[in-house]
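1. Could you look at this predicted model? Sequence included:
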Amino acid sequence: MLARTSAYTDDELDSTVAGEMTDHFRQSSECPRELEELSRVDASIKDLPRYDMPGAFAEQMVFKVYEMQGPGLGKANITPSGDWYTI
């Protein structure tokens, strides 16, 4: 549910699912508080400064994490997704 709530706050859901989430938030006693908290965290993160990094910085960091975790993980399939890299 948290992943969907995050997608809801980022307007990443199709209109049907977003409508279902809106209905759920109206009926729930606890979920609106969690939505409010997630929205505050999201706003705080968006207010953080952004820095330009060298072109391959993200890939290098992901590979470094894999190296630190040890053998047996196989090769990472890293694909760019906007400003993020999906593994």
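-> Nice, thanks for sending it over. What you see is a predicted model, and the numbers here were worked out from it, not measured in a lab.
2. so where do the strands sit in the protein?
-> Secondary structure of the chain, counting by DSSP state E: strands at 79-81, 84-86.
3. comparing the ones you listed, which gets the lowest mean pLDDT score?
-> The minimum mean pLDDT among the strands of the chain belongs to strand 84-86 (a mean of 52).
4. Where does pLDDT dip in the chain?
-> 1-2, 69-87 (pLDDT under 70).
5. In it, which helix is the longest?
-> The residue-count maximum for a helix in the chain (DSSP state H) belongs to helix 31-46.
6. Can you name every helix or strand that that one contacts?
-> On a contact count with 3 or more C-beta pairs under 8 Å, 6 or more residues apart in numbering; DSSP states H and E, helix 31-46 meets helix 2-9, helix 15-27. For the C-beta atoms, the positions are set from N, CA and C on the backbone; glycine is no exception.
7. Which one of those helices lies nearest to Phe57?
-> Nearest to Phe57, of all these, is helix 2-9, at 24.4 Å by C-beta to C-beta.
8. Please export the C-alpha coordinates of the closest one as PDB.
-> Backbone C-alpha positions of helix 2-9 (Å, rounded to 0.1, in the frame of the first residue of the first chain) are rendered in PDB as follows:
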ATOM      1  CA  LEU A   2       2.900   2.400   0.700                       C
ATOM      2  CA  ALA A   3       4.200   2.100  -2.800                       C
ATOM      3  CA  ARG A   4       0.800   2.900  -4.200                       C
ATOM      4  CA  THR A   5       0.400   5.800  -1.800                       C
ATOM      5  CA  SER A   6       3.800   7.200  -2.900                       C
ATOM      6  CA  ALA A   7       2.700   6.800  -6.600                       C
ATOM      7  CA  TYR A   8      -0.600   8.600  -5.600                       C
ATOM      8  CA  THR A   9       1.200  11.600  -4.200                       C
END
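9. Alright, I will stop here.
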